[in-house]
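Asks: Kindly return the folded structure for what I paste below:
(chains A and B)
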Amino acid sequence: MKLKHSYFYTLRNDAKDEESISGNLLVRSGMIKKVGAGIYMYLPMGLRVLDKIKKIVKEEMDKAGAEEVLMPSLIPSDYYEACGRIELLGKSMFSLYDRFDKPFVLGPTHEELFTIAAKNVVKSYKDLPFTIYQQAPKFRDEPRPRYGLIRVREFIMKDAYSFDRDEAGLDISYNKMKKAYNNIFDRLKIDYKIVKADTGVMGGSLSEEYQAVTDIGEDVLVLCDSCNYASNIEISEVVSRKSEAVEEKKLELVSTPNMKTIEEVANYLKEDSKNTVKALLMNVNDELVVFFIRGDRELNLNKASKLLGVSEINFASDELIATSNAVAGYTGPIDLKAKIVIDREILNMHNFICGANKEGYHYRNVNVSDFTYDVVGDISNVQEGDICPVCGGKLYFKKGIEIGNLFKLGTKYAEKLDLTYLDENNNQNVVVMGSYGIGVGRILASIVEQNNDENGMILPLAIAPFQVCIVLIDNKDENQVTYANKLYDELTNLGIEVLLDDRDERPGVKFKDMDLIGIPLRITVGKKIVDNIVEIKERNKKDFIEVTTFDLVDYVKDYLKQNKN
RNA sequence: CGGGAAGUAGCACAACUUGGUAGUGCGCUACAUUUGGGAUGUAGAGGUUGCAGGUUCAAAUCCUGUCUUCCCGACCA
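Replies: Numbers count the residues shown, from 1 in each chain, chains lettered A, B, ... in the order given. Predicted structure coming up:
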């Protein structure tokens, strides 16, 4: 493509309303433009990149034997009611009505439609297994869109669904997808981790997430320094060692005036906060439930809800707290008149400090035998330095953006939607499903987030909008113009994607723009063309080299070959 | 939804505290000089100051409401 008469612009200033590096660079490069919170248009350069990502995804999905389909975005609500997901997905669905007041939604996820599609074909075990997928828009009314393309309300997702006769078959389909995913993310040159994760609203038995490692990641990845344990913090298990027998001291009431936080109390009593227990007063189905965890830890709502078998846990209101004798800031388990859930780690603690349910007082030397509780379980977040549940090594954290996931859905949707088949013995069985998602836009944002410098993005060859750009220094110089255009034609005819910057701009502007949009290889055609010399510079390298026009095409071909994926 | 910040030219900002009829840089147009890392000069074009009310002789500025966007927290590809 030649730039002179094409749709192309860049911004010299940072975008005011894009704080994230990737959001800012994508907007500045003219690849995307914000339309509303979490809604973007993809402009020519951006679409080229997006399409390249989609192409790689498609290639690997097809290679894994999946077949592409396309589902609608506008879907009658009934389809989501069948699985009870109107409730579950709730406010995160965009819903609307047609002229006859019939309710519709903009599809936030497509398990139902894919299951129905499967019903068209599945009658017998002979029809299984198969996997179908699409790359299509999803709509989610996110409470807080943010970070450019990271969390948006309309986005392209690749979602695939596998259909098998049993768990063993699902394992095979699942692993095929996993392999395809590894190929996809390897080809895209993303720095990623695969972590075990919660199955969430999708339901099912196993879920793994592909997480792009970046500082603006919204998920905490728990990794082990000595084995390959990798887990999302939301399900990462806290392992506490049984301490050797400790002499239990006598319970003691101590005055802790105006000290409400654990740090204040621990400092005041000259104790490690690890030796304190704090209370979290929560609302569980409008009942006050008090969770006790080690003072320096955080409550993991995900684990806690699972332990209690509830869908939601919120902070308790003052009114609800008033139904018990709990005193905010001084709540302890001893003689507390409320439902008590304790972290199982507390079972291994001795002579600790906790609230006394009395304004201005804590107990010290508390032991488990001093109080009663209703439920015990693993309800807090792991911390860096904790023990690895697999090998006993040390855990450390990284932040990640979820760019893909794998779910073993099981029979949840098939059962609800009556997706069954007859087996060899004429018995009716329920189909076993898996679902597999990839956030295409998120991949773009993650790559930019991971690969940039002060001049802009540094895109890998696989997804750069163009593989090579030619910067024509002086477009009034006949020699330069002639050669640049000849080179452009020659490379284009070789099937190479070339961008020729033939605009009436000064060289500096052209260099800046080419850097900003991250074209991997730049050929500069300047004065030395009279000596048949041009310059070549790789976006991710500091220095350029001079190459003669005779060697140039081979040089480019070599470069592309070496960086092929 | 709770907490914080902000809406002024295509983009980034100033003027707001202390009301007096809107300015700077970039970008854009024309001309000249430039031409290897976001050129310089001269002359221009471009605004219902988010929107709606109110106070006032007078509102970008003060008040009320409303909408939008960003950042911090609960959701997810």
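Asks: burial count for residue A:509?
Replies: Each residue near residue A:509 was counted by other CB atoms under 10 Å, and the total is 15. In short, each C-beta sits where N, CA and C put it, glycine included.
Asks: Now residue A:104: which helix or strand?
Replies: Under the criterion of DSSP states H and E, residue A:104 resides in strand A:103-106.
Asks: What helices and strands are in contact with that strand?
Replies: strand A:74-76, strand A:94-97 (3 or more CB pairs under 8 Å, 6 or more residues apart in numbering; DSSP states H and E).
Asks: Out of those strands, which is closest to RNA strand B?
Replies: Checking the helices and strands packed on strand A:103-106 against RNA strand B by CB to the nearest atom of the strand gives strand A:94-97 as the closest, at 12.5 Å.
Asks: Buried by neighbour count: which residues of the closest one qualify?
Replies: By 16 or more other CB atoms under 10 Å, the buried positions in strand A:94-97 come out as residue A:94.
Asks: Then stretch A:57-74?
Replies: Quick answer for stretch A:57-74 (16+ other CB under 10 Å): A:57, A:58, A:60, A:61, A:64, A:66, A:71, A:73.
Asks: Dump it to PDB, restricted to CA.
Replies: The C-alpha trace of stretch A:57-74 is given here as PDB (Å, rounded to 0.1, in the frame of the first residue of the first chain):
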ATOM      1  CA  VAL A  57      -6.300 -18.400  15.100                       C
ATOM      2  CA  LYS A  58      -8.300 -19.800  12.200                       C
ATOM      3  CA  GLU A  59      -5.300 -21.700  10.800                       C
ATOM      4  CA  GLU A  60      -4.600 -23.400  14.100                       C
ATOM      5  CA  MET A  61      -8.300 -24.100  14.800                       C
ATOM      6  CA  ASP A  62      -8.700 -25.600  11.300                       C
ATOM      7  CA  LYS A  63      -5.500 -27.600  11.700                       C
ATOM      8  CA  ALA A  64      -6.900 -29.000  14.900                       C
ATOM      9  CA  GLY A  65     -10.000 -30.200  13.000                       C
ATOM     10  CA  ALA A  66     -12.400 -27.600  14.200                       C
ATOM     11  CA  GLU A  67     -15.000 -26.200  11.700                       C
ATOM     12  CA  GLU A  68     -15.900 -22.600  11.400                       C
ATOM     13  CA  VAL A  69     -19.500 -21.300  11.700                       C
ATOM     14  CA  LEU A  70     -21.000 -17.900  12.300                       C
ATOM     15  CA  MET A  71     -23.700 -17.300  14.900                       C
ATOM     16  CA  PRO A  72     -25.900 -14.200  15.100                       C
ATOM     17  CA  SER A  73     -25.300 -11.500  17.700                       C
ATOM     18  CA  LEU A  74     -29.000 -10.700  17.900                       C
END
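Asks: just to revisit the earlier point, what about the following helix or strand past the strand holding residue A:104 and RNA strand B, touching?
Replies: Going down the chain from strand A:103-106, the next helix or strand is helix A:111-121, by DSSP H and E. No - counting by CB under 7 Å from any atom of the strand, RNA strand B has no neighbours in helix A:111-121; the shortest distance is 9.9 Å.
Asks: Partner strands of the very next helix or strand once past helix A:111-121 and their direction?
Replies: Once helix A:111-121 ends, the next helix or strand along the chain (criterion: DSSP H and E) is strand A:130-139. Strand A:130-139 pairs in its sheet with strand A:67-68 (parallel), strand A:154-164 (antiparallel), by DSSP bridges.
Asks: Could I get the average pLDDT for the shortest one?
Replies: Looking back up the chat, that one is strand A:67-68. On average, the pLDDT along strand A:67-68 is 98.
Asks: how distant is it from the center of its chain?
Replies: 24 Å (CA atoms, centre = their mean, to the nearest Å).
Asks: For the closest residue to RNA strand B within chain A, the count of nearby residues, please.
Replies: In chain A, the residue that lies nearest RNA strand B is residue A:526 (1.6 Å; CB to the nearest atom of the strand). Residue A:526 has 17 neighbours, counted by other CB under 10 Å.
Asks: Point out where the stretch 51-200 of chain A drops to low pLDDT.
Replies: A:200 (pLDDT under 70).
Asks: one more time with 80
Replies: A:86-90, A:199-200 (pLDDT under 80).
Asks: Get me the contact residues on it for RNA strand B.
Replies: A:92, A:109, A:140, A:142-147, A:149-153, A:155, A:157, A:200.
Asks: Buried ones among those residues?
Replies: Judged by 16+ other CB under 10 Å, buried ones among these: A:109, A:140, A:145, A:146, A:147, A:149, A:150, A:151, A:152, A:153, A:155, A:157.
Asks: Could you say which helix or strand holds residue A:54?
Replies: Assigning secondary structure by DSSP H and E places residue A:54 in helix A:44-63.
Asks: Which secondary structure elements does that helix sit against?
Replies: Using 3+ CB pairs under 8 Å, 6+ apart: helix A:44-63 touches strand A:67-68, strand A:130-139, strand A:154-164, helix A:167-187, helix A:440-450.
Asks: what's in contact with stretch A:14-34?
Replies: A:8-13, A:40-43, A:45-46, A:49, A:146-150, A:216, A:444-446, A:448-449, A:452, A:456-457, A:465, A:516-518 (CB atoms under 8 Å, 6 or more residues apart in numbering).
Asks: cool, and stretch A:259-278?
Replies: Under CB under 8 Å, 6+ apart, the answer for stretch A:259-278 is A:254, A:256, A:292-296, A:328-330, A:332-333, A:346, A:349, A:351-355, A:362, A:364, A:366.
Asks: swap the cut-off to 7 Å and go again
Replies: Applying CB atoms under 7 Å, 6 or more residues apart in numbering, the contact partners of stretch A:259-278 are A:254, A:256, A:292-296, A:329, A:346, A:352-354, A:362, A:364.
Asks: quick one on the thing from earlier: tally up the residues packed near the nearest residue to the residue of chain A closest to RNA strand B once chain neighbours are set aside, please.
Replies: Of all residues not flanking residue A:526 in the chain, residue A:473 sits nearest, at 4.0 Å (CB to CB, 6 or more residues apart in numbering). By other CB under 10 Å, the residues close to residue A:473 number 19.
Asks: what residues are up against residue A:473?
Replies: Here residue A:473 is in contact with A:480, A:507, A:524, A:525, A:526 (CB under 7 Å, 6+ apart).
Asks: Pretty sure the third one sits against residue A:534.
Replies: Yes - counting by CB atoms under 7 Å, a contact exists between residue A:524 and residue A:534, whose distance comes to 6.2 Å.
Asks: how far is stretch A:103-115 from where the chain is centred?
Replies: Worked out by CA atoms, centre = their mean, stretch A:103-115 lies 21 Å from the chain centre.
Asks: buried sites along it?
Replies: Quick answer for stretch A:103-115 (16+ other CB under 10 Å): A:104, A:105, A:106, A:107, A:108, A:109, A:110, A:111, A:112, A:113, A:114, A:115.
Asks: quick one: terminal-to-terminal distance for that stretch?
Replies: The straight-line separation of the ends of stretch A:103-115 (CA to CA, to the nearest Å) is 21 Å.
Asks: List the contacts of it.
Replies: A:71, A:73-77, A:79-80, A:82-83, A:89, A:92-98, A:132, A:138-140, A:159, A:161, A:413-414, A:417, A:419, A:435.
Asks: repeat for stretch A:289-309
Replies: Outside stretch A:289-309, the residues touching it (CB under 7 Å, 6+ apart) are A:198, A:234-235, A:262, A:266, A:273-274, A:276-282, A:284, A:311-313, A:326, A:331, A:333, A:336, A:338-343, A:345-346, A:375, A:377-381, A:383.
Asks: Distance across it, terminal residue to terminal residue?
Replies: With CA to CA as the measure, stretch A:289-309 spans 13 Å from end to end.
Asks: ok, and does that stretch reach over to RNA strand B?
Replies: Yes - under the criterion of CB under 7 Å from any atom of the strand, RNA strand B is reached by stretch A:289-309 at A:301, A:302.
Asks: So for stretch A:128-142, what gets flagged as buried?
Replies: In stretch A:128-142, counting by 16+ other CB under 10 Å, buried: A:128-136, A:138-141.
Asks: my bad, should have said stretch A:549-563
Replies: For stretch A:549-563, using 16+ other CB under 10 Å, the buried residues are A:549, A:552, A:555, A:556, A:559, A:560.
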